[in-house]
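Enquirer: Need a 3D model of the following:
(3 chains)
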Amino acid sequence: MDLNDLISNLKSLLIDFSDNKNNDLNTNLLNLFSSLNVENVRKDIDSFSEIILLVASLFELKAKSLLPQNEDVDWIDEIQLIKDKDLAFARLLQFKAFSEVGIALASRIRENEMSISAFKYYQTLNLFSKPDIEITIDKKIFQETAEEVFIRYKSIKGFDHIEYDLPDIDEAINSLMSNVDKRLNTSFEELASEVDTSEQAVAIFLALLEAIRWGFVKAEQVNNNELIKIEKNYEE
Amino acid sequence: MKNKKIITATLLVSDGPVQNSYFEELLEIDGNKLFKLFDEINNDLTTLGFGFYLRFDSMKSDLVTVNDIPKYLDSIKPPSVLKGLSTPALETLAIIAYEQPVTKLKVSEIRGVESESSIKTLESRGLVYKSGELDVPGSPILYSTTDDFLEKTGFESLNDLPTIGEYFSSPSEEE
Amino acid sequence: MKNKKIITATLLVSDGPVQNSYFEELLEIDGNKLFKLFDEINNDLTTLGFGFYLRFDSMKSDLVTVNDIPKYLDSIKPPSVLKGLSTPALETLAIIAYEQPVTKLKVSEIRGVESESSIKTLESRGLVYKSGELDVPGSPILYSTTDDFLEKTGFESLNDLPTIGEYFSSPSEEE
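Expert: Numbering: from 1, shown residues only, chains lettered A, B, ... in the order given. Down below sits the predicted model:
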């Protein structure tokens, strides 16, 4: 089964079950679950985790429907439970989507930064000041900003926002891309063999994962014994 | 001829894009005439094999380098706005872009983690700004994306952001 | 064709003139060849009636606006739009105001992010200026705020800048 079809099947099943709890769960979940063994599904880690999540939710709902139905069940509680679950699930999907969108936005920014805008500022002084803009400075905002920027600098906690300890994705991807650029075809093993420490190898691996997500390179491993082949992604 | 001269000189020295309305008023021409001039300038630049072109849309224009020679410009190009941004910061950027104007609390709620530091990072990069206050007790600050964000992502307006599925509340439903 | 592309793109984004030796090495051509390319580019720009040309001498080259451009604008009162400064620019301005005279490096260090383009923006708006050079190897440029800055903020003198709590090092402690 095609990966996207599988995910959309699972989603619509989950929505059906949540909408109508008397729905007879005829669908054989085990069949769906077994399709997880399909090779192309396993390759895509993101989709894989989404599938696990969807399937787990389905199993849980199905298990619940198999329990002996007590006449006295408080149906309001029951509906509330399903609503909460829906909400939690929607939140999770929403969050996941935002995280992917963030990467997509960054990818667009990176693409756009390939074009650099002209700004001959030193000529504007002799020529004419940029005609359409007159700068105003709000005294209060100026003071607040001054306070904030110095507090940030002088206090250790204030430095948190700079996130120095997190790896700089852009830098890591840049160095990976320049390596991939140098040779048309390479492999993860080849790139990793050129570093001195295991930390650097891990860094290359993480950069590779990000570069794949951002759509800059394609990586392929035919089976476990083969090298992980890397090449530049020329598709739009 | 004179118009072409003024447009190209202005774009060379301008800090970022210039609004079309500025040229329309300055040169006393309408939008169609302006686009014709833009096209003309671009044709010339392409034909002669120049390394820059006039990028424009319905709102604004700018002179920018062509993007097939970036590696020759490595040593002179300004650092990327993405430099030092982590995945959490990008996530926060996406949430502010879609949910704006939005409070820090709401962003943190969606992400499930405290998001103050990410928002500050984005603010100091000029990608988001404090756009107002929510009219509830405590007057929490509302954040929105800047014009620079649109420029950097190449979207003409926020309406151009792609829709992302049924699970999203549209920006107008915010709070 | 490709050399022309690289030269024009580089000059479009360069901060000031580019040394001829830079192009000679990058493109692996000699001085004569380079001058021929410069001439060619200039011919193109003049023929097209562009508002800028390639000015060069035996050492360096740059794209600069043609001399008669200001004349065209003399009679015109450009519409002016009031605009606030972006957060990056405002942060940079605050640091220069309190730490002046200060180098670009120090500003970047305090902000935690490369600040060159913000300084350029402030300089082009007449809010800061190059006030000297630091007496260390490399002679980095020192920046200070202008009188225009005082006027726009309404401070009578730099001594009027509000004290920023305990975190603030006084200007005399600089470097």
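Enquirer: What is the burial count for B:I119?
Expert: Neighbour count of B:I119, defined by other C-beta atoms under 10 Å in any protein chain shown: 23. In short, each C-beta sits where N, CA and C put it, glycine included.
Enquirer: Now do the contacts for it.
Expert: Shown in contact with B:I119 (C-beta atoms under 8 Å, 6 or more residues apart in numbering or on different chains): B:92, B:96, B:104, B:107, B:128, B:143.
Enquirer: Tell me where chain B has strands.
Expert: B:18-19, B:52-56, B:60-65, B:102-103, B:128-133, B:141-145 (DSSP state E).
Enquirer: What lies in contact with the second one?
Expert: To tie it back to what came earlier, the one meant is strand B:52-56. Contacts for strand B:52-56 (C-beta under 8 Å, 6+ apart): A:115, A:118, B:11, B:20, B:35, B:38, B:41-42, B:45-46, B:61-66, C:8-9, C:12.
Enquirer: what do you get for the third one?
Expert: Among residues not part of strand B:60-65, those counted as contacts by C-beta under 8 Å, 6+ apart are A:114-118, B:7-8, B:11-12, B:14, B:16-20, B:23, B:38, B:51-56, B:73, C:9, C:12-13.
Enquirer: Over to the fourth one?
Expert: For strand B:102-103, contacts defined as C-beta under 8 Å, 6+ apart pick out B:95-96, B:134, B:140-144, B:174-175.
Enquirer: where does the residue lying farthest from the centre of chain B sit relative to B:E99, distance-wise?
Expert: Largest separation from the mean C-alpha position in chain B: B:P137, at 32.5 Å (C-alpha atoms, centre = their mean). Distance, B:P137 to B:E99, by C-beta to C-beta, to the nearest Å: 21 Å.
Enquirer: same check, this time on A:K96
Expert: Applying C-beta to C-beta to A:K96 and B:E99 gives a distance of 15 Å.
Enquirer: what about these two, which has more around it?
Expert: B:E99 (23 against 16).
Enquirer: is it true that that one touches B:S108?
Expert: No - the pair B:E99 and B:S108 fails to qualify as a contact (C-beta atoms under 8 Å) at a distance of 12.0 Å.
Enquirer: pLDDT (mean, whole number) over the top helix by length along chain B?
Expert: Secondary structure of chain B per DSSP state H: the longest helix is helix B:31-47. Helix B:31-47 carries an average pLDDT of 94.
Enquirer: Of the contacts of strand B:52-56, keep whichever come out buried.
Expert: A:115, A:118, B:11, B:20, B:38, B:41, B:45, B:61-66, C:8-9, C:12 (16 or more other C-beta atoms under 10 Å in any protein chain shown).
Enquirer: On the three-state scheme, A:G215 is what?
Expert: Three-state assignment for A:G215 (DSSP: H, G, I helix; E, B strand; the rest coil): coil.
Enquirer: can you list the weak-confidence ranges in chain B?
Expert: Within chain B, the stretches with pLDDT under 70 are B:1, B:84, B:164-175.
Enquirer: residue boundaries of the helices in it?
Expert: B:2-13, B:20-27, B:31-47, B:87-99, B:104-111, B:116-124, B:147-153.
Enquirer: Please work out which of the ones you listed is packed deepest.
Expert: Highest mean neighbour count among the helices of chain B (mean count of other C-beta atoms under 10 Å in any protein chain shown): helix B:87-99, with a mean of 25.
Enquirer: Any idea how far that one is from the middle of the chain?
Expert: 15 Å (C-alpha atoms, centre = their mean, to the nearest Å).
Enquirer: Spell out the secondary structure type for A:L208.
Expert: helix.
Enquirer: what residues are up against it?
Expert: Counting by C-beta under 8 Å, 6+ apart, A:L208 touches A:176, A:188, A:191, A:217, A:219, A:230.
Enquirer: Quick check: the gap between B:T87 and B:A94.
Expert: 11 Å.
Enquirer: coming back round to it: which one of the contacts of B:I119 is nearest A:E100?
Expert: Within those, proximity to A:E100 (C-beta to C-beta) peaks at B:T92, which comes in at 13.7 Å.
Enquirer: ok, A:A219 - how many residues close by?
Expert: As a burial measure, A:A219 scores 16 neighbours (other C-beta under 10 Å).
Enquirer: can you check B:G112 too?
Expert: Quick note: B:G112 (other C-beta under 10 Å) scores 10 neighbours.
Enquirer: Kindly provide the distance from it to A:E226.
Expert: Taking C-beta to C-beta, one finds B:G112 at 38 Å from A:E226.
Enquirer: same check, this time on A:K182
Expert: Relative to A:E226, and taking C-beta to C-beta, A:K182 is found at 22 Å.
Enquirer: now swap in A:I173 and tell me
Expert: 24 Å.
Enquirer: With neighbour numbers in mind, choose between these two.
Expert: Neighbour count, other C-beta under 10 Å: between A:I173 and A:E226, A:I173 has more, with 23 against 11.
Enquirer: Show residues contacting the host helix or strand of that one.
Expert: Per DSSP states H and E, A:I173 falls inside helix A:169-182. With contacts defined as C-beta under 8 Å, 6+ apart, helix A:169-182 is touched by A:106, A:110, A:186, A:191, A:203-204, A:206-208, A:210-211, A:214, A:216-217, A:230-232, B:71, B:80, B:82-87.
Enquirer: Beyond that helix, next helix or strand please.
Expert: strand A:185-187.
Enquirer: Return the set of buried residues in that following strand.
Expert: A:186-187.
Enquirer: right, and B:K152 touches B:S80 too?
Expert: No - with contact defined as C-beta under 8 Å, B:K152 does not reach B:S80; the gap is 9.4 Å.
Enquirer: Pull up the overlap in contacts between those two.
Expert: Common neighbours of B:K152 and B:S80 (criterion: C-beta under 8 Å, 6+ apart): A:109, A:113.
Enquirer: what about B:K106, distance to C:L122?
Expert: Taken as C-beta to C-beta, the span from B:K106 to C:L122 is 33 Å.
Enquirer: Select only the buried ones of the contacts of A:L208 in PyMOL?
Expert: Buried members of the contacts of A:L208, identified by 16+ other C-beta under 10 Å, are gathered into one PyMOL selection as follows:
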select buried, chain A and resi 176+188+191+217+219+230
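Enquirer: what's the closest of the contacts of A:L208 to chain C?
Expert: Nearest to chain C, judged by C-beta to the nearest C-beta, of the contacts of A:L208 is A:L176 at 21.5 Å.
Enquirer: so after the helix or strand containing A:I109, what's the next helix or strand?
Expert: Assigned by DSSP H and E, A:I109 belongs to helix A:75-112. The helix or strand immediately downstream of helix A:75-112 is helix A:121-124, counting by DSSP H and E.
Enquirer: what residues are up against A:F119?
Expert: Taking C-beta under 8 Å, 6+ apart as the test, what A:F119 contacts is B:13-16, C:13, C:117, C:120, C:124.
Enquirer: buried stuff in stretch A:221-236?
Expert: For stretch A:221-236, by 16+ other C-beta under 10 Å, it's A:228-230.
Enquirer: got it, and stretch B:70-89?
Expert: Buried, per 16+ other C-beta under 10 Å, within stretch B:70-89: B:72-73, B:76-78, B:80-82, B:84-89.
Enquirer: which two from those residues end up farthest apart in space?
Expert: B:Y72 and B:P88 (33.7 Å).
Enquirer: which residues of chain A score low on pLDDT?
Expert: Segments of chain A classed as low confidence (criterion: pLDDT under 70) are A:1-4, A:6-7, A:10-11, A:13-95, A:124-133, A:154-171, A:184, A:197-200, A:234-236.
Enquirer: that older thread, please go through the contacts of A:F119 and note which also touch chain A.
Expert: B:13-16, C:13, C:117, C:120, C:124 (C-beta under 8 Å from any C-beta of the partner chain).
Enquirer: which of those lies closest to A:F150?
Expert: Set against A:F150, the nearest of the ones next to chain A among the contacts of A:F119 by C-beta to C-beta is C:S117 (21.2 Å).
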